[in-house]
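Student: how does the following fold in three dimensions:
(chains A and B)
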Number of protein chains: 2
Amino acid sequence: MLQGVFAAVLTPMRADLSVDRAAYAAHCRRLLDEGAHGLGIFGTTGEANSLSVAERIAAWEDLVADGIPADVLLPGTGACALPDAVTLAKSALDVGAPGVLALPPFYYKGVSDDGLFRFFAELIERVGDDRLRLFLYHIPPMAQVGFTPELIGRLLEAYPGVVVGTKDSAGDPARIERLCREFPDLTVFAGSERFLLDTLHWGGDGCISATCNVTAPQSRRVFDLWRAGDPEAAAQQTALTEARTFLEGFPPIPALKAIMRARTGDDVWTNLRPPLDALDDERARAVVARL
Amino acid sequence: MLQGVFAAVLTPMRADLSVDRAAYAAHCRRLLDEGAHGLGIFGTTGEANSLSVAERIAAWEDLVADGIPADVLLPGTGACALPDAVTLAKSALDVGAPGVLALPPFYYKGVSDDGLFRFFAELIERVGDDRLRLFLYHIPPMAQVGFTPELIGRLLEAYPGVVVGTKDSAGDPARIERLCREFPDLTVFAGSERFLLDTLHWGGDGCISATCNVTAPQSRRVFDLWRAGDPEAAAQQTALTEARTFLEGFPPIPALKAIMRARTGDDVWTNLRPPLDALDDERARAVVARL
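Tutor: I've put the predicted structure just below:
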């Protein structure tokens, strides 16, 4: 059972925009050492959709070969094209990941719940593997297309034990609370550590967050205090929320890469795949100065 | 020089959702016989983003092998991932297409013109082929991300003779007029035959339209009358606009496939890749009855 603090892991890239294998494994190891329970690799923060299917598969195969335990990985396997989503999910199972984080197909807008249901039904059928555990990745600010609670309910009923969880990045705590209460068997991760303690109180399971690339220790502390029933959890959450609020003043992926560059001194962190831009020097200094 | 009436070609699919090669070539041939000057294959209407890169490449290789002339093809090569966009563009050049229709990377929202410029600069550099002719595919209702006139101007200035055209599916005639006037060297296709005659009057080059799957003869007639300087063009455009207006009352891809099914009697036209749904029987009857 996946639970706790997951970093939505950044992907370090060389100047030629290829994944830097050594820096990637080192970053994943550091996040685990800092207290992350797991690693949401190749989601929005990992620039997954800016990489080809083959690049994503090679990167997570390398990661496991380089010693990152497969059982902490939650790979992003979302794609607009059903065959790509199938290929990615099969590969994630093959490396031993305990679950996959699946975007809805996000090119066509205004699609029906029926059409999305059919996409996931075909995906599950075509993967055809009892080990498949699907986490529904709800992130309307990017994907525009999302999962209504009704659709989540339909998928849970049709595929119990296969559709098992969600990451909710809508930014709406009322929705997270609703999902926790309405679907007690669903593993619910908030998409931001801002809602970590609330989500745990509502019966949810933790968070998968971009900013956990730099707030993993503090986020883990909230989780541990909550688990211990220590009322100090609330004060720790307040401090964590402050750090998150500061970071929200910057474009997330460029800002987090700028911080990683300052922390490691490694220029590999200055590279982003287009259409994303690195922070200019002034903003990079501003985000780094505070932390 | 590409000019005239282009159908944004539907992709017929078997029950297992694979491309039906024979039906695809037959449909393309019929559109050319009906008067289409060219074929915009694997754009939004062709469900391009619901197919893998390998599927799209195989389909247009088959099409040319099956006798459709490569020099009327404008293949869609858009992708969120730069390596995919490069692979698709190279393949389109290899089959002999005179141009490619390129979406901006459409996963990340709110991206900068700098980031989009960098995407296309990298694409052009990595394709590295003097034959490349890029048409910028502006379709904000689907992609959300689009091309500002300023970005188009920057790309034209940086890559003259490579960035050569646009398909504008914003649905705003004022924008089409602006592009025609501001960039006289740009090949401008309206994304709807509703704006065909206006676009030609403004100095633009034609239309690339979904509904031209069923209105190719009427659209061609507008073009021919305009070219002949025949004032009858306006009345023909009015009739064409009426047909288009009727079709806009239905979800375009399902409705057009329902019409093709009625016209050909071939069940291959009832299949759509999820997340798109076929029309229900009642709406299919309604759209077919009128035509």
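
Student: model confidence for residue A:1, exactly?
Tutor: If you check residue A:1, the pLDDT there is 73.

Student: let me redo that: residue A:264
Tutor: In this prediction residue A:264 is given a pLDDT of 97.

Student: with the one 4 residues further on instead?
Tutor: With respect to pLDDT, residue A:268 scores 97.

Student: could you do residue A:291 as well?
Tutor: So, for residue A:291, pLDDT stands at 72.

Student: list the contacts for it?
Tutor: A:214, A:243, A:259 (Cβ atoms under 8 Å, 6 or more residues apart in numbering or on different chains). All C-beta atoms are positioned from the backbone trio N, CA, C, and that covers glycine.

Student: the last one contacts residue A:289, doesn't it?
Tutor: In this case it means residue A:259. No: checked against Cβ atoms under 8 Å, the pair residue A:259 and residue A:289 is beyond contact range at 10.6 Å.

Student: who has more neighbours, those two?
Tutor: residue A:259 (23 against 8; other Cβ atoms under 10 Å in any protein chain shown).

Student: for the helix or strand that contains the more buried one, which positions count as buried?
Tutor: Taking DSSP states H and E as the definition, residue A:259 sits inside helix A:252-264. Along helix A:252-264, these residues count as buried under the neighbour rule (16 or more other Cβ atoms under 10 Å in any protein chain shown): A:252, A:253, A:254, A:255, A:256, A:257, A:258, A:259, A:260, A:261, A:262.

Student: output whatever helix or strand comes next after that helix in PDB with nothing but the alpha carbons.
Tutor: Scanning forward in sequence from helix A:252-264 by DSSP H and E, the next helix or strand is helix A:281-290. Only the C-alpha atoms of helix A:281-290 are listed here, as PDB (Å, rounded to 0.1, in the frame of the first residue of the first chain):
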ATOM      1  CA  ASP A 281      19.200  35.100 -13.100                       C
ATOM      2  CA  GLU A 282      17.400  37.700 -11.000                       C
ATOM      3  CA  ARG A 283      14.400  35.400 -10.200                       C
ATOM      4  CA  ALA A 284      16.800  32.500  -9.700                       C
ATOM      5  CA  ARG A 285      18.700  34.500  -7.100                       C
ATOM      6  CA  ALA A 286      15.400  35.600  -5.500                       C
ATOM      7  CA  VAL A 287      14.100  32.000  -5.000                       C
ATOM      8  CA  VAL A 288      17.500  30.700  -3.800                       C
ATOM      9  CA  ALA A 289      18.100  33.600  -1.400                       C
ATOM     10  CA  ARG A 290      15.000  32.800   0.700                       C
END
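
Student: show me which residues of the stretch 151-291 of chain A sit near chain B.
Tutor: Residues of the stretch 151-291 of chain A lying close to chain B by Cβ under 8 Å from any Cβ of the partner chain are A:273, A:274, A:275, A:276, A:277.

Student: out of the residues you listed, give me the one that has the most neighbours.
Tutor: residue A:275 (26 neighbours).

Student: for residue A:176, helix, strand, or coil?
Tutor: Look at residue A:176: counting by DSSP: H, G, I helix; E, B strand; the rest coil, its state is helix.

Student: so which residues make contact with the least confident helix or strand in chain A by mean pLDDT?
Tutor: Lowest by mean pLDDT, DSSP states H and E among the helices and strands of chain A is helix A:281-290, with a mean of 93. Residues outside helix A:281-290 that contact it (Cβ under 8 Å, 6+ apart) are A:246, A:247, A:250, A:255, A:258, A:259, A:261, A:262, A:278, A:279.

Student: just those residues now: which is nearest chain B?
Tutor: The closest of the contacts of helix A:281-290 to chain B turns out to be residue A:278 (Cβ to the nearest Cβ; 9.8 Å).

Student: so what's the closest one up against?
Tutor: Contacts of residue A:278 (Cβ under 8 Å, 6+ apart): A:254, A:257, A:258, A:270, A:271, A:272, A:284.

Student: which stretches of the stretch 1-150 of chain A form helices?
Tutor: A:21-33, A:53-65, A:82-95, A:113-127, A:140-143, A:149-158 (DSSP state H, counting those that start in this stretch).

Student: can you name the residues in contact with the shortest one?
Tutor: Okay, so that is helix A:140-143. Helix A:140-143 has contacts (Cβ under 8 Å, 6+ apart) with A:44, A:103, A:104, A:106, A:137, A:146, A:169, A:170, A:171, B:107, B:108, B:109.

Student: just stretch A:13-25 next, same as before
Tutor: Here stretch A:13-25 makes contact (Cβ under 8 Å, 6+ apart) with A:11-12, A:47, A:51, A:55, A:58-59, A:62-63, A:66-68, A:264, A:266, A:268-269, A:271-273, B:82, B:122.

Student: and the end-to-end length of that stretch?
Tutor: One end of stretch A:13-25 sits 12 Å from the other (Cα to Cα, to the nearest Å).

Student: would you mark the buried spots in it?
Tutor: Per 16+ other Cβ under 10 Å, stretch A:13-25 contains these buried residues: A:13, A:17, A:19, A:20, A:21, A:23, A:24, A:25.

Student: repeat for stretch A:160-180
Tutor: Within stretch A:160-180, the residues that count as buried by 16+ other Cβ under 10 Å are A:162-171, A:173, A:176-177, A:179-180.

Student: rewinding a little: of the contacts of helix A:140-143, which belong to strands?
Tutor: If you go by DSSP state E, these have residue A:137 in strands.

Student: neighbour-wise, which of the contacts of helix A:140-143 leads?
Tutor: Counting neighbours by other Cβ under 10 Å, residue A:137 comes out on top of the contacts of helix A:140-143 with 30 neighbours.

Student: and it, what does it touch?
Tutor: Contacts for residue A:137 (Cβ under 8 Å, 6+ apart) come out as A:43, A:76, A:78, A:101, A:102, A:103, A:104, A:143, A:166, A:167, A:169.

Student: can you add distance to residue A:198 and pLDDT and give those back as JSON lines?
Tutor: Shown next, in JSON lines, are the contacts of residue A:137 (distance: Cβ to Cβ, whole Å; pLDDT from 0 to 100):
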{"residue": "A:43", "distance to residue A:198": "21", "pLDDT": "98"}
{"residue": "A:76", "distance to residue A:198": "24", "pLDDT": "98"}
{"residue": "A:78", "distance to residue A:198": "26", "pLDDT": "95"}
{"residue": "A:101", "distance to residue A:198": "21", "pLDDT": "98"}
{"residue": "A:102", "distance to residue A:198": "25", "pLDDT": "98"}
{"residue": "A:103", "distance to residue A:198": "24", "pLDDT": "98"}
{"residue": "A:104", "distance to residue A:198": "25", "pLDDT": "98"}
{"residue": "A:143", "distance to residue A:198": "23", "pLDDT": "97"}
{"residue": "A:166", "distance to residue A:198": "16", "pLDDT": "98"}
{"residue": "A:167", "distance to residue A:198": "15", "pLDDT": "98"}
{"residue": "A:169", "distance to residue A:198": "15", "pLDDT": "98"}
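
Student: which one of these is nearest residue A:89?
Tutor: Distance to residue A:89 across the contacts of residue A:137 (Cβ to Cβ) is lowest for residue A:102, with 7.2 Å.

Student: neighbours of that closest one, how many?
Tutor: Residue A:102: 26 neighbours (other Cβ under 10 Å).

Student: in the sheet, who's paired with it?
Tutor: In this entry, residue A:102 is beta-bridged to residue A:136, by DSSP bridges.

Student: let me see the contact set for it.
Tutor: A:76, A:77, A:78, A:85, A:89, A:120, A:123, A:134, A:135, A:136, A:137.
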